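>>> Next input, structure requested:
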Amino acid sequence: MIELKNEKIAVPLVLFAGLMWSFGPLVVRYMNDPHLVPWQYIFGRGLTIFIILNLYLYFEEGINFYKNYKKIGKSGLLGGVGLGIAMISFIYSITNTSAAITLLCLAAMPFFTALMAFLFLKERISLNVWISILIATVGIIIMALGNTEKNSLVGFIFGITSSIGFSIFSVTLRWRKETPKFTTVAIAGLFCFVFATIMILIKDQPFFATSYNSSMFSLHGTLVCLGLILYSIGSKAIPAAELTLLSLTEVIGGIFWVWLPLFGINEIPTTNTIIGGFFLFVSLIYYSLIMRWNKRYIALN
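Below you'll find the predicted structure:
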């Protein structure tokens with residue numbers, strides 16, 4: 001298993017993980033009527049994540065990779081379920097409102113994570129991190145004031161639920177060092193797969209959508225999975241609150257991709273969204289520079 005303890009390497013990894021996730025809203029927008037097949041989406045995405053993670057573990061550790069599941073513990077189960085809930089809530093949020101509102105809700109992750117990490121892990125949050133979060137808060141408020149679309153409340157509720165679920169996952173990554181990180185992600189994929197299977201059976205629906213939609217489900221699952229691998233590796237060297245702060249590249253990129261005319265979606269962000277996104281970008285730049293200059297970096301031992 002990859003052990004990474006150098007924050008100067010971990011920071012770019014987490015930033016890149018967020019960038020990979022930022023293509024998720026674009027993939028969803030390319031799907032055909034995703035709001036009609038949410039459980040098929042969750043089924044396909046969860047199965048893809050579970051398969052890729054187990055293949056990764058097999059090539060990383062060999063045939064005995066399955067023993068990681070015996071060491072999963074409470075933190076791994078809680079983290080897997082939290083991440084699974086985040087994945088399920090995401091599709092219901094983005095199919096009920098604009099990508100900007102969904103990503104706006106995800107931008108609240110550092111606040112939920114900082115609070116949970118402080119309460120349950122006793123992680124100290126440095127002044128510089130609070131300044132970064134404050135700058136991001138200004139951006140979030142500005143974006144919120146500019147979004148008044150229909151059904152935004154439904155999307156907002158699911159978006160906040162997704163944000164809280166991912167924060168739980170981030171905190172559990174730091175909870176017990178001996179918990180297999182990648183196995184936790186695999187548990188999340190399994191949770192989505194099993195939960196979606198139950199819902200599909202209850203609703204008497206087909207397990208698979210069209211071949212085109214199914215390929216989009218798998219593509220999104222692959223992007224999420226690869227990003228989670230990088231995110232989990234980076235979690236070794238970065239406290240929980242900073243992890244979710246750095247992953248805000250997902251918010252910035254996600255809003256940009258669905259707007260960029262090149263991709264043909266043209267979901268034009270409001271002026272408030274653009275200004276708010278700028279503040280989020282500034283918060284990331286500020287934090288990255290502080291990380292470079294501050295030699296007395298605060299983290300768990």
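
>>> Give the residue spans of the chain that score low on pLDDT.
1-7, 146-152, 177-178, 240-241, 288-301 (pLDDT under 70).

>>> Give me the residue at the spatial middle of it.
residue 166 (5.9 Å; CA atoms, centre = their mean).

>>> secondary structure element for it?
helix 152-175 (DSSP states H and E).

>>> Off-centre distance for that helix?
8 Å (CA atoms, centre = their mean, to the nearest Å).

>>> Helix or strand next in line after that helix, which one?
That would be, after helix 152-175 and using DSSP H and E, helix 181-203.

>>> So which other helices or strands are in contact with the very next helix or strand once past that next one?
Downstream of helix 181-203, the next assigned helix or strand under DSSP H and E is helix 211-234. Helix 211-234 sits against helix 7-21, helix 24-30, helix 38-61, helix 181-203, helix 240-246, with contacts defined as 3 or more CB pairs under 8 Å, 6 or more residues apart in numbering; DSSP states H and E. C-beta here means a position set from N, CA and C on the backbone, and glycine is covered the same way.

>>> Redo those helices as TSV? Include mean neighbour count and distance to residue 156.
Written out in TSV, the entries for these read as follows (neighbours: other CB atoms under 10 Å; distance: least, CB to CB, whole Å):
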stretch	mean neighbour count	distance to residue 156
helix 7-21	20	19
helix 24-30	22	15
helix 38-61	21	17
helix 181-203	20	22
helix 240-246	30	18
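
>>> mind listing what the residue nearest to residue 58 when sequence neighbours are not counted touches?
Excluding its sequence neighbours, the residue lying closest to residue 58 (CB to CB, 6 or more residues apart in numbering) is residue 65, at 5.2 Å. Counting by CB atoms under 8 Å, 6 or more residues apart in numbering, residue 65 makes contact with 54, 57-58.

>>> Swap in 10 Å and give it another go.
By CB atoms under 10 Å, 6 or more residues apart in numbering, the contact set of residue 65 is 1, 53-59, 180, 182-183, 186.

>>> just residue 248 next, same as before
15, 18, 22, 103, 106-107, 109-110, 132, 136, 139-140, 277, 280-281, 283-284, 287.

>>> so what does the host helix or strand of residue 90 touch, helix or strand wise?
Residue 90 is located in helix 73-94, with elements delineated by DSSP H and E. Judged by 3 or more CB pairs under 10 Å, 6 or more residues apart in numbering; DSSP states H and E, helix 73-94 is in contact with helix 24-30, helix 38-61, helix 99-106, helix 152-175, helix 181-203, helix 211-234.

>>> Residue 282 touches residue 137, doesn't it?
No - contact criterion CB atoms under 10 Å: residue 282 and residue 137 do not qualify, at 12.0 Å.

>>> With neighbour numbers in mind, choose between these two.
Neighbour totals were compared for residue 282 and residue 137, and residue 137 leads with 18 against 15 (other CB atoms under 10 Å).

>>> how much space is there between residue 80 and residue 228?
Separation of residue 80 from residue 228 (CB to CB, to the nearest Å): 11 Å.

>>> which residues are in contact with both of the two?
Going by CB under 10 Å, 6+ apart, residues that sit against residue 80 and also against residue 228 are 169, 184-186, 188-189.

>>> Just put the residues you listed in CSV and tack on distance to residue 144.
CSV is the format used below for those (distance: CB to CB, whole Å):
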residue, distance to residue 144
169, 24
184, 31
185, 30
186, 35
188, 28
189, 32
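
>>> Tell me the one of these nearest residue 124?
residue 169 (20.9 Å; CB to CB).

>>> In this structure the closest one contacts residue 84, no?
Yes - checked against CB under 10 Å, the pair residue 169 and residue 84 is within contact range at 8.9 Å.

>>> quick revisit: columns distance to residue 95 on top of the helices and strands packed on helix 211-234, output as JSON lines?
Shown next, in JSON lines, are these (distance: least, CB to CB, whole Å):
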{"stretch": "helix 7-21", "distance to residue 95": "17"}
{"stretch": "helix 24-30", "distance to residue 95": "7"}
{"stretch": "helix 38-61", "distance to residue 95": "7"}
{"stretch": "helix 181-203", "distance to residue 95": "15"}
{"stretch": "helix 240-246", "distance to residue 95": "23"}
